[in-house]
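J.: Sequence and predicted structure are below.
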Amino acid sequence: MAINYEKWDSSFKVSAESVNEIQNINKEREDVPYGKYEVRIQKMTLAESKKGDPMLSVWFRVINGTYKNQMIFMNQLLTNEFGIHKANEFMRSLDSGLNIEWTGSYGRYADMVEGVFEAVCSNVEYALDYSQNERGFSSYRIIEVYEVE
């Protein structure tokens with residue numbers, strides 16, 4: 001089945017100028033270095049890696065300081081028991097009030113992830129310890145939860 005690109009062109013008005021402007025702004029910004037940041041969760045979903053594997057994808061937006069409005073990205077592969085355990089522990093640390101568990105189905109897991117995101121996206125901020133572990137991988141640890149009104 002062929003994709004109707006014209007439908008997208010008429011539905012999504014994205015100008016080349018606006019894309020170039022964003023690219024130029026991002027060139028001026030440096031990557032957020034490891035450290036402790038106050039963040040909000042901008043996006044959290046069960047996604048597909050470049051290789052097609054399931055992963056938990058979390059986008060954090062820094063809410064103050066030198067890196068205000070910049071993003072930190074977390075991707076946790078969910079291809080084995082340890083990866084799912086790590087994702088569950090992370091989601092429990094978000095203090096959503098929901099039961100976090102693996103039930104054997106990626107579809108049900110995706111629904112749970114969506115529920116956690118909905119519970120925390122609008123009224124919760126976090127102190128995030130963004131660091132590098134002993135194996136050289138990025139580490140993401142919630143060290144404090146702030147309810148906002």
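T.: Here it is on my side, so go on. Numbering: from 1, shown residues only.

J.: Show me what counts as buried in stretch 59-76.
T.: Neighbour counts over stretch 59-76 (16 or more other CB atoms under 10 Å) mark Trp59, Phe60, Arg61, Val62, Ile63, Tyr67, Gln70, Ile72, Met74, Gln76 as buried. From N, CA and C alone the C-beta is placed, and that goes for glycine too.

J.: quick one: the first one is in a strand?
T.: Yes. When the secondary structure is assigned by DSSP: H, G, I helix; E, B strand; the rest coil, Trp59 falls within a strand.

J.: coming back round to it: give me the subset of the buried residues of stretch 59-76 lying in strands.
T.: Applying DSSP state E to those, the entries found in strands are Trp59, Phe60, Arg61, Val62, Ile72, Met74, Gln76.

J.: With pLDDT added, can I get the residues you listed in JSON lines?
T.: Listed next are those as JSON lines, based on pLDDT from 0 to 100:
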{"residue": "Trp59", "pLDDT": "97"}
{"residue": "Phe60", "pLDDT": "97"}
{"residue": "Arg61", "pLDDT": "96"}
{"residue": "Val62", "pLDDT": "97"}
{"residue": "Ile72", "pLDDT": "97"}
{"residue": "Met74", "pLDDT": "97"}
{"residue": "Gln76", "pLDDT": "96"}
